[in-house]
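Asks: Just a sequence and a predicted model for now, questions to come.
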Amino acid sequence: MLVRLMYCSRATSAIDTEELVGILRQSRTQNPERGITGVLCLSRGIFIQVLEGGRASVNALYNKIASDPRHAEVTLLAYEEIAERRFAGWSMGQVQTNRLNPAMLLKYSETATLDPYAVSGEATAALFEEMMASAAIMGQS
């Protein structure tokens, strides 16, 4: 059974480009073994991630992330059973926040900032769909 999970968290310390690249590299190495695909976004110290795959694998990875000391305020935004993956082409894609149009952010939020704590999980999921359609996500498998 496939599921899609979306969560957000706050980084407990500053994440530089090198550390983010390391996180993505590790995800892209380990996720195919687990059958997990998805997308990661880091904006102003806030992570938003979508994970897709088998229920047990996704749940285990989410629990690992939730207990990781680099994350605080881990919040489940959405969890659903799915018939097919939306992010099948990415072992872990990356949102290019510099390519986000402020109008796109305003469509789903009170301000032109990416803050999943201030909007619904449904709005964040819709924003991710639009980001995918606008090529704001990169990093194929």
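Replies: Alright, I've got the coordinates.

Asks: Quick one: end-to-end distance for stretch 30-41.
Replies: This stretch, stretch 30-41, spans 18 Å end to end (Cα to Cα, to the nearest Å).

Asks: need the contact list for residue 20.
Replies: When contacts are counted by Cβ atoms under 8 Å, 6 or more residues apart in numbering, residue 20 is found next to 42, 94. Where C-beta positions appear, they are placed from N, C-alpha and C, glycine not excepted.

Asks: Would you mark the buried spots in the helix or strand hosting it?
Replies: Per DSSP states H and E: residue 20 is located in helix 17-34. For helix 17-34, the neighbour count (16 or more other Cβ atoms under 10 Å) marks 23-24, 27-28, 31, 34 as buried.

Asks: Now it: average pLDDT?
Replies: Helix 17-34 comes out with an average pLDDT of 86.

Asks: from the chain's centre, how far out does that helix sit?
Replies: Centre-to-centre, helix 17-34 and its host chain are 13 Å apart (Cα atoms, centre = their mean, to the nearest Å).

Asks: Next SSE downstream of it?
Replies: Downstream of helix 17-34, the first helix or strand assigned by DSSP H and E is strand 37-43.

Asks: and the helix or strand following that following strand, which strands flank it?
Replies: Downstream of strand 37-43, the next assigned helix or strand under DSSP H and E is strand 46-54. Paired strands of strand 46-54, with direction, are strand 2-11 (antiparallel), strand 37-43 (antiparallel) (DSSP bridges).

Asks: hey, least reliable of those strands by pLDDT?
Replies: Mean pLDDT is lowest for strand 37-43 among the strands paired with strand 46-54, at a mean of 86.

Asks: Perfect, I'm done here.
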